[in-house]
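Participant: Structural data only, the sequence is not supplied:
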(Lines give C-alpha, C1' and ligand atoms only; values in the text may rest on other atoms or scores of the structure.)
Protein backbone atom coordinates (compact mmCIF):
# COMPACT_ATOMS: atom_id res chain seq x y z
CA UNK A 1 0.00 0.00 0.00
CA UNK A 2 2.87 2.35 0.79
CA UNK A 3 4.23 1.80 -2.72
CA UNK A 4 0.91 2.87 -4.23
CA UNK A 5 0.79 5.98 -2.06
CA UNK A 6 4.36 6.85 -3.01
CA UNK A 7 3.61 6.45 -6.72
CA UNK A 8 0.51 8.63 -6.43
CA UNK A 9 2.47 11.29 -4.58
CA UNK A 10 5.14 11.41 -7.31
CA UNK A 11 2.54 11.49 -10.08
CA UNK A 12 0.63 14.34 -8.49
CA UNK A 13 3.79 16.34 -7.84
CA UNK A 14 5.23 15.70 -11.31
CA UNK A 15 8.27 13.80 -9.98
CA UNK A 16 8.57 11.35 -12.84
CA UNK A 17 10.37 11.21 -16.18
CA UNK A 18 9.00 11.02 -19.72
CA UNK A 19 11.25 10.79 -22.80
CA UNK A 20 10.82 12.66 -26.09
CA UNK A 21 8.46 9.95 -27.37
CA UNK A 22 6.17 10.33 -24.37
CA UNK A 23 7.38 7.08 -22.76
CA UNK A 24 6.71 6.92 -19.01
CA UNK A 25 8.73 4.01 -17.52
CA UNK A 26 7.28 4.29 -14.02
CA UNK A 27 3.66 4.20 -15.20
CA UNK A 28 4.49 1.26 -17.46
CA UNK A 29 6.30 -0.80 -14.83
CA UNK A 30 4.26 0.02 -11.74
CA UNK A 31 0.74 0.37 -13.15
CA UNK A 32 0.23 -0.94 -16.69
CA UNK A 33 2.28 -4.11 -16.14
CA UNK A 34 0.17 -4.99 -13.10
CA UNK A 35 -2.97 -4.61 -15.21
CA UNK A 36 -1.62 -6.67 -18.14
CA UNK A 37 -0.06 -9.49 -16.08
CA UNK A 38 -3.31 -11.29 -15.10
CA UNK A 39 -4.36 -11.35 -18.76
CA UNK A 40 -1.36 -13.26 -20.08
CA UNK A 41 -0.60 -15.20 -16.90
CA UNK A 42 -4.07 -16.35 -15.83
CA UNK A 43 -6.52 -15.80 -18.70
CA UNK A 44 -4.38 -16.86 -21.66
CA UNK A 45 -1.85 -18.91 -19.67
CA UNK A 46 1.02 -17.88 -21.93
CA UNK A 47 3.97 -20.24 -22.24
CA UNK A 48 7.20 -18.38 -23.06
CA UNK A 49 9.93 -20.06 -25.09
CA UNK A 50 13.35 -18.69 -25.98
CA UNK A 51 12.83 -15.33 -24.28
CA UNK A 52 16.47 -15.43 -23.18
CA UNK A 53 17.46 -15.18 -26.87
CA UNK A 54 16.51 -11.51 -26.81
CA UNK A 55 19.76 -9.55 -26.24
CA UNK A 56 20.12 -8.26 -22.68
CA UNK A 57 21.49 -4.97 -23.97
CA UNK A 58 21.75 -3.07 -27.21
CA UNK A 59 19.33 -2.64 -30.06
CA UNK A 60 17.39 -5.44 -31.71
CA UNK A 61 14.29 -5.73 -33.88
CA UNK A 62 11.56 -8.12 -32.74
CA UNK A 63 9.47 -9.19 -35.74
CA UNK A 64 6.21 -11.02 -34.98
CA UNK A 65 3.06 -12.32 -36.62
CA UNK A 66 -0.13 -10.36 -35.95
CA UNK A 67 -3.70 -11.59 -35.37
CA UNK A 68 -6.76 -11.59 -33.18
CA UNK A 69 -9.05 -8.78 -34.47
CA UNK A 70 -7.89 -6.63 -31.53
CA UNK A 71 -4.07 -6.37 -31.19
CA UNK A 72 -3.75 -7.93 -27.75
CA UNK A 73 -0.80 -9.94 -29.10
CA UNK A 74 1.31 -6.77 -29.23
CA UNK A 75 0.39 -5.88 -25.64
CA UNK A 76 1.15 -9.40 -24.39
CA UNK A 77 4.52 -9.56 -26.14
CA UNK A 78 5.53 -6.14 -24.84
CA UNK A 79 4.65 -6.71 -21.20
CA UNK A 80 5.74 -10.35 -21.24
CA UNK A 81 9.28 -9.34 -22.20
CA UNK A 82 9.29 -6.69 -19.48
CA UNK A 83 8.03 -9.23 -16.95
CA UNK A 84 10.00 -12.35 -17.89
CA UNK A 85 13.22 -11.37 -19.64
CA UNK A 86 16.25 -11.51 -17.29
CA UNK A 87 17.09 -7.87 -18.13
CA UNK A 88 13.42 -6.73 -17.85
CA UNK A 89 13.68 -4.86 -21.12
CA UNK A 90 11.07 -2.55 -22.58
CA UNK A 91 9.87 -3.26 -26.13
CA UNK A 92 9.17 -0.06 -28.04
CA UNK A 93 6.37 -1.07 -30.40
CA UNK A 94 5.83 0.65 -33.74
CA UNK A 95 2.09 1.38 -33.89
CA UNK A 96 -0.32 2.43 -36.62
CA UNK A 97 -1.46 6.04 -36.68
CA UNK A 98 -5.04 4.90 -36.01
CA UNK A 99 -4.07 3.32 -32.68
CA UNK A 100 -2.23 6.43 -31.52
CA UNK A 101 -5.18 8.69 -32.43
CA UNK A 102 -7.74 6.74 -30.40
CA UNK A 103 -8.97 8.43 -27.21
CA UNK A 104 -7.35 7.08 -24.02
CA UNK A 105 -5.80 4.10 -25.85
CA UNK A 106 -3.54 6.36 -27.90
CA UNK A 107 -2.32 8.21 -24.83
CA UNK A 108 -1.64 4.96 -22.95
CA UNK A 109 0.16 3.59 -26.00
CA UNK A 110 2.48 6.60 -26.03
CA UNK A 111 3.09 6.44 -22.29
CA UNK A 112 3.94 2.74 -22.44
CA UNK A 113 6.66 3.38 -25.02
CA UNK A 114 4.94 2.88 -28.35
CA UNK A 115 5.45 5.30 -31.22
CA UNK A 116 4.34 5.86 -34.79
CA UNK A 117 5.42 3.22 -37.29
CA UNK A 118 7.59 5.57 -39.31
CA UNK A 119 11.20 5.36 -40.42
CA UNK A 120 12.40 8.40 -38.48
CA UNK A 121 11.14 7.28 -35.07
CA UNK A 122 12.25 3.67 -35.60
CA UNK A 123 15.78 4.71 -36.55
CA UNK A 124 16.07 7.00 -33.53
CA UNK A 125 15.03 4.20 -31.19
CA UNK A 126 17.39 1.63 -32.72
CA UNK A 127 20.30 4.06 -32.72
CA UNK A 128 19.65 4.60 -29.01
CA UNK A 129 20.01 0.87 -28.37
CA UNK A 130 16.32 0.10 -27.78
CA UNK A 131 14.35 -3.07 -28.44
CA UNK A 132 11.88 -2.28 -31.21
CA UNK A 133 8.87 -4.47 -31.98
CA UNK A 134 7.21 -4.62 -35.41
CA UNK A 135 4.27 -6.53 -36.89
CA UNK A 136 4.82 -6.44 -40.67
CA UNK A 137 1.41 -7.91 -41.52
CA UNK A 138 -0.28 -4.82 -40.06
CA UNK A 139 -4.07 -4.65 -40.32
CA UNK A 140 -4.06 -7.47 -42.88
CA UNK A 141 -2.82 -9.80 -40.16
CA UNK A 142 -4.81 -8.64 -37.17
CA UNK A 143 -8.01 -8.39 -39.25
CA UNK A 144 -7.86 -11.64 -41.19
CA UNK A 145 -10.67 -14.20 -41.40
CA UNK A 146 -10.61 -17.10 -38.93
CA UNK A 147 -10.30 -19.58 -41.79
CA UNK A 148 -6.91 -18.01 -42.60
CA UNK A 149 -5.56 -18.36 -39.06
CA UNK A 150 -1.83 -18.99 -38.69
CA UNK A 151 -1.24 -18.26 -42.38
CA UNK A 152 1.08 -15.27 -42.60
CA UNK A 153 -0.07 -12.42 -44.77
CA UNK A 154 2.24 -10.31 -46.92
CA UNK A 155 5.07 -8.63 -44.98
CA UNK A 156 4.64 -5.22 -46.56
CA UNK A 157 7.55 -3.91 -48.65
CA UNK A 158 10.34 -4.95 -46.32
CA UNK A 159 10.65 -1.66 -44.48
CA UNK A 160 11.64 -3.42 -41.27
CA UNK A 161 14.50 -5.15 -43.09
CA UNK A 162 15.77 -1.80 -44.36
CA UNK A 163 15.75 -0.50 -40.78
CA UNK A 164 17.74 -3.49 -39.53
CA UNK A 165 20.28 -3.25 -42.37
CA UNK A 166 20.77 0.51 -41.93
CA UNK A 167 21.46 0.14 -38.22
CA UNK A 168 23.13 -3.29 -38.31
CA UNK A 169 20.91 -4.67 -35.52
CA UNK A 170 19.90 -8.34 -35.19
CA UNK A 171 16.37 -9.46 -36.04
CA UNK A 172 14.60 -11.73 -33.55
CA UNK A 173 11.72 -13.66 -35.19
CA UNK A 174 8.70 -14.08 -32.90
CA UNK A 175 5.93 -16.67 -33.20
CA UNK A 176 2.66 -15.98 -31.33
CA UNK A 177 0.22 -18.89 -31.15
CA UNK A 178 -3.10 -18.33 -29.39
CA UNK A 179 -4.21 -14.84 -30.40
CA UNK A 180 -6.03 -16.16 -33.47
CA UNK A 181 -8.71 -17.72 -31.25
CA UNK A 182 -9.55 -14.82 -28.92
CA UNK A 183 -11.96 -13.21 -31.41
CA UNK A 184 -12.60 -15.74 -34.22
CA UNK A 185 -13.58 -13.41 -37.07
CA UNK A 186 -16.12 -15.02 -39.40
CA UNK A 187 -17.05 -11.87 -41.34
CA UNK A 188 -16.58 -8.10 -41.47
CA UNK A 189 -19.14 -5.33 -41.22
CA UNK A 190 -17.69 -3.41 -44.15
CA UNK A 191 -20.32 -0.61 -44.42
CA UNK A 192 -19.94 0.13 -40.70
CA UNK A 193 -16.15 0.07 -40.99
CA UNK A 194 -16.27 2.60 -43.83
CA UNK A 195 -18.64 4.83 -41.90
CA UNK A 196 -16.36 4.79 -38.84
CA UNK A 197 -13.14 5.16 -40.83
CA UNK A 198 -11.81 1.83 -39.56
CA UNK A 199 -9.94 -0.84 -41.54
CA UNK A 200 -12.52 -3.42 -40.44
CA UNK A 201 -15.24 -4.15 -37.87
CA UNK A 202 -15.13 -7.82 -36.88
CA UNK A 203 -18.12 -10.12 -36.69
CA UNK A 204 -17.53 -13.21 -34.54
CA UNK A 205 -19.79 -16.03 -33.30
CA UNK A 206 -20.36 -13.85 -30.20
CA UNK A 207 -20.15 -10.23 -31.39
CA UNK A 208 -22.38 -8.28 -31.93
CA UNK A 209 -24.96 -10.95 -31.06
CA UNK A 210 -24.20 -11.02 -27.31
CA UNK A 211 -23.61 -7.29 -26.99
CA UNK A 212 -20.86 -6.31 -24.51
CA UNK A 213 -20.41 -9.96 -23.48
CA UNK A 214 -19.33 -10.71 -27.04
CA UNK A 215 -16.38 -8.36 -26.58
CA UNK A 216 -14.77 -10.55 -23.91
CA UNK A 217 -11.77 -12.31 -25.51
CA UNK A 218 -11.88 -16.10 -25.36
CA UNK A 219 -9.40 -17.79 -22.95
CA UNK A 220 -7.28 -19.56 -25.56
CA UNK A 221 -3.95 -21.17 -24.65
CA UNK A 222 -0.98 -19.12 -25.90
CA UNK A 223 2.55 -20.15 -26.78
CA UNK A 224 5.06 -17.43 -27.67
CA UNK A 225 8.52 -18.29 -28.97
CA UNK A 226 11.47 -16.02 -29.67
CA UNK A 227 13.77 -17.46 -32.31
CA UNK A 228 17.52 -17.22 -32.70
CA UNK A 229 18.62 -13.67 -33.56
CA UNK A 230 19.47 -13.22 -37.23
CA UNK A 231 22.44 -10.85 -37.70
CA UNK A 232 22.33 -8.12 -40.33
CA UNK A 233 25.65 -6.35 -39.76
CA UNK A 234 27.47 -8.54 -42.27
CA UNK A 235 25.65 -7.18 -45.33
CA UNK A 236 27.47 -3.87 -45.63
CA UNK A 237 26.37 -0.26 -44.99
CA UNK A 238 24.55 0.14 -48.34
CA UNK A 239 22.77 -3.21 -48.36
CA UNK A 240 19.48 -1.58 -47.35
CA UNK A 241 19.39 0.09 -50.78
CA UNK A 242 19.59 -3.29 -52.57
CA UNK A 243 16.04 -4.39 -53.37
CA UNK A 244 17.03 -8.03 -53.91
CA UNK A 245 18.77 -8.27 -50.53
CA UNK A 246 15.80 -6.69 -48.81
CA UNK A 247 13.38 -9.05 -50.56
CA UNK A 248 15.42 -12.17 -49.75
CA UNK A 249 15.78 -11.25 -46.08
CA UNK A 250 12.08 -10.41 -45.84
CA UNK A 251 11.15 -13.82 -47.21
CA UNK A 252 13.70 -15.50 -44.92
CA UNK A 253 12.17 -13.90 -41.83
CA UNK A 254 8.64 -14.62 -43.02
CA UNK A 255 9.50 -18.26 -43.70
CA UNK A 256 11.19 -18.61 -40.31
CA UNK A 257 8.16 -17.26 -38.44
CA UNK A 258 5.76 -19.45 -40.46
CA UNK A 259 7.81 -22.55 -39.62
CA UNK A 260 7.80 -21.56 -35.94
CA UNK A 261 4.02 -21.07 -36.05
CA UNK A 262 3.45 -24.48 -37.63
CA UNK A 263 5.70 -26.20 -35.08
CA UNK A 264 4.24 -24.46 -32.05
CA UNK A 265 0.65 -24.87 -33.23
CA UNK A 266 1.21 -28.63 -33.30
CA UNK A 267 2.97 -28.52 -29.92
CA UNK A 268 0.15 -26.58 -28.26
CA UNK A 269 -2.57 -29.07 -29.13
CA UNK A 270 -6.03 -27.91 -28.11
CA UNK A 271 -6.69 -24.18 -28.54
CA UNK A 272 -8.26 -24.06 -25.06
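Facilitator: Received it, and whenever you're ready, just let me know what you need. Nothing here was measured: the structure is a model prediction, and the numbers come from that model.

Participant: When you work out contacts or count neighbours from here on, use the C-alpha atoms and nothing else.
Facilitator: OK.

Participant: quick one: buried residues of stretch 25-45?
Facilitator: Across stretch 25-45, burial judged by 16 or more other Cα atoms under 10 Å covers 25-29, 32-33, 36, 39-40, 44-45.

Participant: could you pull out the helices for the stretch 51-200 of the chain?
Facilitator: Applying DSSP state H, counting those that start in this stretch to the stretch 51-200 of the chain gives helices spanning 72-84, 97-101, 105-111, 119-127, 138-142, 159-167, 190-196.

Participant: helices or strands up against the second one?
Facilitator: Judged by 3 or more Cα pairs under 8 Å, 6 or more residues apart in numbering; DSSP states H and E, helix 97-101 is in contact with helix 105-111, strand 115-116.

Participant: May I see these arranged in CSV, with mean pLDDT as well?
Facilitator: Converted to CSV, those look like this (pLDDT from 0 to 100):
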stretch, mean pLDDT
helix 105-111, 93
strand 115-116, 92
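
Participant: Tell me which of the ones you listed is the most buried.
Facilitator: strand 115-116 (a mean of 22; mean count of other Cα atoms under 10 Å).

Participant: Parallel or antiparallel, which strands does that strand pair with?
Facilitator: When sheet partners are counted by DSSP bridges, strand 115-116 sits next to strand 91-95 (parallel).

Participant: Look up the closest residue to residue 186, ignoring the ones flanking it.
Facilitator: residue 204 (5.4 Å; Cα to Cα, 6 or more residues apart in numbering).

Participant: picking up where we left off before, got the helices of the stretch 51-200 of the chain as a markdown table, with distance to residue 229 columns?
Facilitator: Shown next, in a markdown table, are those (distance: least, Cα to Cα, whole Å):
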| stretch | distance to residue 229 |
| --- | --- |
| helix 72-84 | 15 |
| helix 97-101 | 28 |
| helix 105-111 | 26 |
| helix 119-127 | 15 |
| helix 138-142 | 22 |
| helix 159-167 | 12 |
| helix 190-196 | 38 |
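
Participant: Poorly predicted segments of the stretch 151-272 of the chain, please.
Facilitator: Across the stretch 151-272 of the chain, nothing is flagged by pLDDT under 70.

Participant: what does stretch 261-269 contact?
Facilitator: Contact with stretch 261-269 is made by 150, 175-177, 221-223, as judged by Cα atoms under 8 Å, 6 or more residues apart in numbering.

Participant: Throw the residues you listed into CSV and include distance to residue 114 and neighbour count, thanks.
Facilitator: Listed next are these as CSV, based on distance: Cα to Cα, whole Å; neighbours: other Cα atoms under 10 Å:
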residue, distance to residue 114, neighbour count
150, 25, 22
175, 20, 27
176, 19, 27
177, 22, 29
221, 26, 21
222, 23, 25
223, 23, 21
